[in-house]
Each structure stands twice: as C-alpha cells, then as structure tokens.
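# sequence unknown, structure follows:
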C-alpha cells in the first residue's frame, strides 16, 4: 500500500483501497463489493462501491505503480512480455464492452467482456502488468447512448486487440521495462503492423501464426506455406528440447527452425508434439543472432500468461466483480493485478538465491518452493488467525509442499522415462 498510497488524495479512499486489497487476498469465496465490505467489517458496501465508481483516483497511475513494483521484484535478464486476452462471462447488455463474442475462457461464443492483458515473465516469476478492455466496434463504438450509460470516455475509440497489445508493449518499453522479447498467440502473431512496430523498436518476438501463413525461403525467392515447409524437413532438422517446466515435468517438443526472407535474424520456428505429431508455428525476429534454444525459451514463456490468468481468477478474484461501468472495471482489475503482483513478489523473494537449472529437477525430499496459492493461504491465516498455533500452521504448509514435491518427483520420473524410451 505504501507503493500506491500517494495515488489517493484523501484518507477515506486510501483506507478503503487497503481494505479492498486485503479482501482480494483473503479467503472470501466471491470477491465482490458486498462480500469484501463484510470481510472488512463495514456496515454497508457503499465505501467499496464508491472506490470503484466515483472516488477520485486514477487507475492508470496505480497501474504504472503495479508495473514498476512487478519489475522491481521479478526483473532479471531475458524478460519476456506476453500479450493475451481473457473473457469475463456476463449477463445482459449493460456492462461496458459486453457482447456475444468468442472467448477462450469458455471455448465458444458467449455473452462476455474481453480484456487484453500484458504479462511480464522472468526466471524469478510472472505477473500481469497492464490491461485494456476491448470495445467492440459496431455494437459499442458507434452507439453514443450505450457508451454514455456505461461511462465510456469520449476519447476511447475502436482499437483492434493487436493494437491494444502494442499500446501496452510500447508503454512498458517507454517506462524502462527491460524485456528484449515479446510473445503471443496467433491473434497477435498474424498482425503485420504489430510485428513491424516491434521491429522498429528493436524488440525481438516469437509470435504464433497459423499453419497456412506463407513465408519466403531460398533467400526470399520462394513463397510457400508454413505447413508445406514442415512436411519437407528431414529428420535431422528436428531437435528435441524442453520449452520449460510444467506441472508434470519438462515440456519436451521437437523443434525446427528455418531462415526466411533476406534477414539472417528472421526465422520460421516449428514445434512438433512427439506423441501426437501436432504442429505449431511461430514467426521470429531478433535484432541480433540468437540460438535455437533461446527462441524455444521465449515460445515456452507464452504459457506464463495463462498461469497468471488462472492465479488472478482463482486467488485474487480478477473475474469476481459485479460492475458495469468502464471506470469501475479498470479499477477492480488494476487492484486485482496489484494483489497478484504482491503474491508473485513474495514468492520470488522467498525463493533461494540460486535457482535450480530450468530443465533439471532435484530429486531431494525438500518441499517445493512456496507457490502463489500457498502464500495467499499463509497470508490470509495471518490476517485472520486460525484456531491453531503459528507452529501448527507452518507444519501444515510444509506437509502440503512436501506432498506436492513427492507427486512432482513421480511425474518427473515418468516423464524422464518416457523421453528416454522415445
């Protein structure tokens, strides 16, 4: 709170923001204004509702503090910025930006809002550092009455999701975030303007694209589909490497890379699942020459944003809000991002100075490192002391993490045996 206290001009919203953050970190099942007010001991939800709707404070200024806080605690060499979107299921048509649209959260077309987010990932951890609420062009941008009812500022105009992503990336780079790489899924990789903007800023990228994308090989002389290139590669072109550790061990895939265009630092990267033979494709560019293992690392970092969404929704109530107003959405989401960044910072600071090699798993019987859910559980126990002693509380924390370490070793043994036999 000391980091953002100066962003609130009056005592009341500052104190309410503190109570709101503590509520997001608590074990309250649904983190909306009613339940957070009850958790804080308020007699009514009015102060929480005013904090989101009408209190005088700038959510973008607090967002800047969240970004700086995350970089201060998680920053290290090789940082990656990841762009992605997530859906928020809604009823009715009054919530800002809501319409029937596809969202990966549901895996289908649903009545929802869609937020585009920027995550920051390093070897120390990951956190969400920026957000934009997507405003559909035809159902919202050209409807003045609907915009006014949802409190959408007049200066907010239609922008594609890749454009929103670029605005966040540019803001992070302008703020001094040291991240030499950007990654994202096909929705962003297919956008030529986003790729051109990154190259202009000398920022490398590994962006997913469709198998049908056409690339130029033979020093730019031949145009060919990406999946056709993959089908013509000899066995010697494929290299099995891990793109990072998952819950059940290293994520091993077969990888191949091919120079494309006339730029020696431009590649088509292809990932092949060893079991299913399913292919994924990435367009890559870097201002300097990099090895294949670096491109694989960046491609694997994309899953960090999915982990951020899971933690933000499951641990700090990113999607628990019951607000319709444009300003209220940005304020709730920003405070949830701060709560998540706090948990990620504690996890990073609690980790040993020397982290294990990314593709090597220790077979020792030590507990796993403190996780975001475990830290929130312990933090909540401090805020709301249980009917057990601190010694017993820490005993159970160690027991849980030792049990998780045992399960992880079992998964890693099976994965290692499978990779050896393969």
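In hand now; what should we look at? Remember, it's a predicted structure, so these values are computed and weren't measured experimentally.
# Give me the buried positions along the longest helix belonging to the chain.
Secondary structure assigned by DSSP state H gives helix 390-421 as the longest helix of the chain. For helix 390-421, the neighbour count (16 or more other C-beta atoms under 10 Å) marks 397, 400-401, 405, 408-409, 412, 415 as buried. Every residue, glycine included, has its C-beta placed from N, CA and C.
# could you say what helices and strands that helix packs with?
strand 249-259, helix 372-383 (3 or more C-beta pairs under 8 Å, 6 or more residues apart in numbering; DSSP states H and E).
# Tell me which of those is the most buried.
The highest mean neighbour count among the helices and strands packed on helix 390-421 belongs to strand 249-259 (a mean of 19), with neighbours defined as mean count of other C-beta atoms under 10 Å.
# Report the mean confidence score over the next helix or strand after it.
Later in the chain than strand 249-259, the nearest helix or strand by DSSP states H and E is strand 266-272. Strand 266-272 shows a mean pLDDT of 97.
# which strands and helices sit next to strand 266-272?
helix 226-231, strand 249-259, strand 279-285, helix 292-301.
# quick one: low-confidence parts of the chain?
247-248, 353-365, 385-388, 396, 418-422 (pLDDT under 70).
# Longest strand of it, counting residues only.
strand 108-122 (DSSP state E).
# Take the helices and strands packed on helix 390-421 and lay them out in TSV including distance to residue 228.
Listed next are the helices and strands packed on helix 390-421 as TSV, based on distance: least, C-beta to C-beta, whole Å:
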stretch	distance to residue 228
strand 249-259	12
helix 372-383	43
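# of those, which approaches residue 119 most closely?
helix 372-383 (13.6 Å; C-beta to C-beta).
# Now do the closest one against helix 390-421, angle only.
Helix 372-383 and helix 390-421 are oriented at 180 degrees to each other (axes from the mean of the first three to the mean of the last three C-alpha atoms, to 10 degrees).
# what's near enough to touch the residue nearest the centre of the chain?
Per C-alpha atoms, centre = their mean, the C-alpha nearest to the average position across the chain is that of residue 305, at 2.5 Å. By C-beta atoms under 8 Å, 6 or more residues apart in numbering, the contact set of residue 305 is 82-84, 117, 119, 121, 126, 128.
# can we see that at 10 Å?
Shown in contact with residue 305 (C-beta atoms under 10 Å, 6 or more residues apart in numbering): 80-86, 117-121, 126, 128, 183-185.
# can you give me the end-to-end distance of stretch 21-38?
Stretch 21-38 has an end-to-end distance of 14 Å (C-alpha to C-alpha, to the nearest Å).
# List the buried residues of it.
Per 16+ other C-beta under 10 Å, stretch 21-38 contains these buried residues: 21-26, 28, 31-33, 35-37.
# Likewise for stretch 279-294?
Counting neighbours by 16+ other C-beta under 10 Å, one finds that the buried residues in stretch 279-294 are 279-286, 290, 294.
# coming back round to it: indicate which one of the helices and strands packed on helix 390-421 is closest to residue 73.
helix 372-383 (12.9 Å).
# The closest one - contacts with which helices or strands?
In terms of contacts (3 or more C-beta pairs under 10 Å, 6 or more residues apart in numbering; DSSP states H and E), helix 372-383 is packed against helix 11-25, strand 125-133, helix 303-315, helix 326-350, helix 390-421.
# possible to save these as CSV with distance to residue 196?
Shown next, in CSV, are the helices and strands packed on helix 372-383 (distance: least, C-beta to C-beta, whole Å):
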stretch, distance to residue 196
helix 11-25, 38
strand 125-133, 20
helix 303-315, 23
helix 326-350, 29
helix 390-421, 39
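# Would you tell me which of these gets closest to residue 250?
Closest to residue 250 of the helices and strands packed on helix 372-383 is helix 390-421 (C-beta to C-beta; 6.6 Å).
# tilt between the closest one and strand 249-259?
With the same axes, to 10 degrees defining the directions, helix 390-421 sits at 50 degrees from strand 249-259.
# Run the chain-centre distance for helix 390-421.
Mean-position distance between helix 390-421 and its chain equals 25 Å (C-alpha atoms, centre = their mean, to the nearest Å).
# Let me see the contact set for the residue of the chain positioned farthest from its centre.
Centroid-distance maximum for the chain: residue 221 at 38.1 Å, with C-alpha atoms, centre = their mean. Applying C-beta under 10 Å, 6+ apart to residue 221 gives the contacts residue 262.
# Could you report the distance from it to residue 272?
Note on residue 221: its distance to residue 272, by C-beta to C-beta, to the nearest Å, is 26 Å.
# now do residue 336
In this view, residue 336 and residue 272 are 37 Å apart by C-beta to C-beta.
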